[in-house]
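Novice: build the 3D model from these lines:
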Amino acid sequence: MKHMRKSRKRIQTTALILVTSLISPFQVMAISSNSLSQSELVLSTTGQALNGVVKETLGHMKKLYPQLQDYPFVSVNDQAKDNMGNPVVEIFLRQDTDRKDAPHATIIVHAATGSVQGFQIMSGKSMFSPPAYKFAREKTDAFLPKLLGADILQHYKPSSQEQLILSIEEAGSTMELRTVLYERVMDGVIVEGDAISVAVDADGDVVHLQRTATSVADKLPDQNNLLTVQQASEKFPQFLDLVYLERMTYKDSQSQTEKHRPALIYAPAIYASTLDAKTGNYFPTGVAGRMYNISKGPVIKVNPGGKVLFAKNEQVAATILTREFGISLEGMVYAPLAATPIPGRKGYVWESATARIELETRNDQVISFNTSLRSTGSDPKPKISEEQAAKMALPFLQTYLQKDVAELLANSQDIQTYEQRYPIVTFGFYKVHSGIPVADRGYSVSINLETGKVAGMYGDFDQKPVQLPSANNRISPEQAATNFLKAHPLELRLINQTYVYRPKIMQGDEYIDAITGQVISP
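Specialist: Residues are numbered from 1 along each chain as shown. From the prediction side, this is the model:
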């Protein structure tokens, strides 16, 4: 059930949403045909000269980056706006217009104030090893006052997230950069969305910066009747999910290598665990963030068949699809996939004008097959209802379930209904042990409502049975919350005009061992 795996990674990737959303102005790097020399800096749309503050800012950037003096080809766009709708001027500089890989730069300047809103400097060479956070932080702390004023670090403080990597691919070169995110702080309150993202390359050069702002004025809203940190902390247990892991990842303290073991954990819903600072209730941020997206649905007793399938080549894979799963490959063409970077993983794909069918193996054992439909331009005409499809899913899955699975949780969070012209609905399940879901043993079945047939299945069918710890001696959610908040204290933040509490950001997937109470950092 691939969508289930993705939910666990959100803890690592969600923090990148802010950074990646900031780089969109830099994705149009082409120099226009009426490029100008630096002695002729005028607005490309009006022909008027750049205003004084913008020219002054450009001159300041050249002092910080002397190589910009050697970029003679210039294009200016005066029609852009920042995220608050304020006019900005985009200045594109390039060393050579005939070479796609030539060094170039983009500088975005606030049209009225002349302040730098963002820039990106591409040397044309690839760098695949981002620097360590501490090294990058030293560089950005020294750089920002030079660019934005001596007091900038009095108003913007580094975020607690240290794992941000920005990858830029352009004209054949790739840059892996370490990003330091600075957030605006007013009277001890973090102003969400008012931030400066700064990225450093392996040489220690600051090559990327982008600012975002919010509508928050210079004066904070009234703070009367806010919960104290202690009061808010008492509300935190509601954001902990009790789940088993058959392969919990942790770092060995002696070897410093990643290892795995079975565990019972409390998983914090870090990006969903935002509390309204007045009520203590969940505050929706629009960012999904439960580490394991598992609903408390019905637990179903099952009769596992334990059938195992192996496919060592495309001929065997095709036979399994047609004879075992009833998938027709008539009129379809086999399309070999490039080798996957995941050891032991292999996929077999057939395509036609209307569909794509894939069978996936791990160490030659079949773990999934899937049908992806392409729009035919007409609305689907369902032959069966979603309720009827739901009744088909479990009997089909039981044939292939391992013998150690006695119960499944029907996870409503993983039900994906068909939309528009794609009449396939997917049902998700998790293994259950002692009434608790096993978060890394998931399954799904997809049903085509038009044909009334199974269209796909995914599962951890190659997972071998492990001895899971007893839940009888687990700590309470309250104790788990206390332990977690010692490592990640609640921070008071302002989102638009609402005060909220949220834990300091985790460095990847962190959870609390429900037996020992230890906070585990993979």
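Novice: and S295, what's its pLDDT?
Specialist: We have a pLDDT of 68 for S295.
Novice: from A195, how far out is the residue nearest to S159 when sequence neighbours are not counted?
Specialist: With sequence-adjacent residues excluded and distances taken as Cβ to Cβ, 6 or more residues apart in numbering, S159 is closest to L181, at 4.2 Å. Every residue, glycine included, has its C-beta placed from N, CA and C. Here the criterion is Cβ to Cβ, to the nearest Å. By it, L181 lies 6 Å from A195.
Novice: hmm, back to that, quick check: the residue nearest to S159 touching L164?
Specialist: Yes. The pair L181 / L164 is scored as a contact, 6.3 Å apart, by Cβ atoms under 8 Å.
Novice: residue ranges with poor pLDDT in the stretch 401-522 of the chain?
Specialist: Along the stretch 401-522 of the chain, the model assigns pLDDT under 70 to residues 412-422, 506-508, 522.
Novice: hey, where'd the helices end up in it?
Specialist: For the stretch 401-522 of the chain, applying DSSP state H, counting those that start in this stretch gives helices covering 477-487.
Novice: show me the strands in it, by range?
Specialist: 407-416, 424-433, 436-448, 453-459, 490-495, 498-503, 511-513, 519-520 (DSSP state E, counting those that start in this stretch).
Novice: neighbours of the closest residue to G280 other than its chain neighbours, just the number please.
Specialist: Of all residues not flanking G280 in the chain, K235 sits nearest, at 4.1 Å (Cβ to Cβ, 6+ apart). Residues lying near K235 (other Cβ atoms under 10 Å) number 19.
Novice: distance of K235 from N224?
Specialist: 19 Å.
Novice: poorly predicted segments of the stretch 201-350 of the chain, please.
Specialist: Using pLDDT under 70, the stretch 201-350 of the chain drops low at 217, 270-272, 286-293, 295-296, 338-339.
Novice: can you pull the domain assignment for this structure?
Specialist: 31-122, 128-220, 229-292+470-520, 314-459 (automatic domain parsing).
Novice: could those go into CSV alongside distance to I300?
Specialist: Compiled in CSV, the domains of the chain are given as follows (distance: least, Cβ to Cβ, whole Å):
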stretch, distance to I300
domain 31-122, 47
domain 128-220, 38
domain 229-292+470-520, 17
domain 314-459, 5
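Novice: select, out of those, the one closest to P304.
Specialist: The closest of those to P304 is domain 314-459. By Cβ to Cβ, the value is 3.6 Å.
Novice: the closest one: end-to-end distance?
Specialist: 20 Å (Cα to Cα, to the nearest Å).
Novice: all numbers from here: first residue = 41
Specialist: I'll keep to 41 as the first residue from here, and by that count the last item is domain 354-499.
Novice: if we can go back for a sec, touching, the residue nearest to G320 and D316? I think so.
Specialist: No. Assessed by Cβ under 8 Å, K275 is found out of contact with D316, at 9.5 Å.
Novice: what's the closest non-adjacent residue to E130?
Specialist: Nearest one to E130, counting by Cβ to Cβ, 6+ apart, is N117 at 4.2 Å.
Novice: can you report how many residues neighbour the spatially closest residue to Q278 that is not a sequence neighbour?
Specialist: Of all residues not flanking Q278 in the chain, Y322 sits nearest, at 7.6 Å (Cβ to Cβ, 6+ apart). If you count neighbours by other Cβ under 10 Å, Y322 ends up with 16.
Novice: show me where the stretch 291-440 of the chain has helices.
Specialist: Ranges of helices within the stretch 291-440 of the chain are 354-359, 426-438, based on DSSP H, counting those that start in this stretch.
Novice: now the last one against strand 464-473, angle please.
Specialist: What that stands for is helix 426-438. 50 degrees (axes from the mean of the first three to the mean of the last three Cα atoms, to 10 degrees).
Novice: and helix 426-438, what does it pack against?
Specialist: For helix 426-438, the packing partners by 3 or more Cβ pairs under 8 Å, 6 or more residues apart in numbering; DSSP states H and E come out as strand 464-473, strand 476-488, strand 493-499.
Novice: got the angle for it vs strand 493-499?
Specialist: Inter-element angle recorded for helix 426-438 and strand 493-499: 50 degrees (by the same axes, to 10 degrees).
Novice: what's the mean pLDDT across helix 426-438?
Specialist: Summarised as a single mean, pLDDT over helix 426-438 is 94.
Novice: list the buried ones in it?
Specialist: A429, A430, M432, A433, L434, L437, Q438 (16 or more other Cβ atoms under 10 Å).
Novice: can you list the residues that contact that helix?
Specialist: 340, 342-345, 424, 448, 450, 457, 465, 467, 469, 483, 485, 487, 489, 492, 494, 497, 499 (Cβ atoms under 8 Å, 6 or more residues apart in numbering).
Novice: just the pLDDT for K42.
Specialist: Note on K42: pLDDT of 42.
Novice: downstream of the helix or strand hosting V149, the next helix or strand is which one?
Specialist: Using DSSP states H and E, V149 sits in strand 144-150. Downstream of strand 144-150, the first helix or strand assigned by DSSP H and E is strand 156-162.
Novice: how far off centre is that next one?
Specialist: 24 Å (Cα atoms, centre = their mean, to the nearest Å).
Novice: so it versus strand 144-150, what angle?
Specialist: Using the same axes, to 10 degrees: strand 156-162 against strand 144-150 is 180 degrees.
Novice: neighbouring strands - and their directions - for strand 156-162?
Specialist: According to DSSP bridges, strand 156-162 has the following sheet partners: strand 144-150 (antiparallel), strand 246-252 (antiparallel).
Novice: got the buried residues for that strand?
Specialist: The neighbour-count criterion (16+ other Cβ under 10 Å) identifies V156, Q157, G158, F159, Q160, I161, M162 as the buried residues of strand 156-162.
Novice: I'd guessed I555 sits against Y306; true?
Specialist: No. Counting by Cβ under 8 Å, I555 does not reach Y306; the two are 10.5 Å apart.
Novice: neighbour-wise, which of those two wins?
Specialist: Ranked by neighbour count (other Cβ under 10 Å), I555 and Y306 place Y306 first, with 26 against 16.
Novice: if we can go back for a sec, the residue nearest to E130: what secondary structure?
Specialist: Under DSSP: H, G, I helix; E, B strand; the rest coil, the three-state class of N117 is strand.
Novice: pretty sure S213 sits against D141.
Specialist: Yes. The criterion here is Cβ under 8 Å, and S213 meets it with D141 at 6.3 Å.
Novice: shared neighbours, the two?
Specialist: Shared contacts of S213 and D141, defined by Cβ under 8 Å, 6+ apart, comprise G164.
Novice: which residues of the stretch 241-390 of the chain fall in strands?
Specialist: Assigned by DSSP E, counting those that start in this stretch, the strands in the stretch 241-390 of the chain fall at 246-252, 280-291, 298-308, 315-316, 339-341, 373-374, 385-391.
Novice: partner strands of the last one, parallel or antiparallel?
Specialist: For strand 385-391, the pairing partners within the sheet under DSSP bridges are strand 373-374 (antiparallel), strand 395-402 (antiparallel).
Novice: can you tell me which of the ones you listed is most buried?
Specialist: strand 395-402 (a mean of 20; mean count of other Cβ atoms under 10 Å).
Novice: who's in contact with that strand?
Specialist: Strand 395-402 is contacted from outside by 350-351, 357, 360-361, 367, 369, 372, 384-391, 406-414, 502, using Cβ under 8 Å, 6+ apart.
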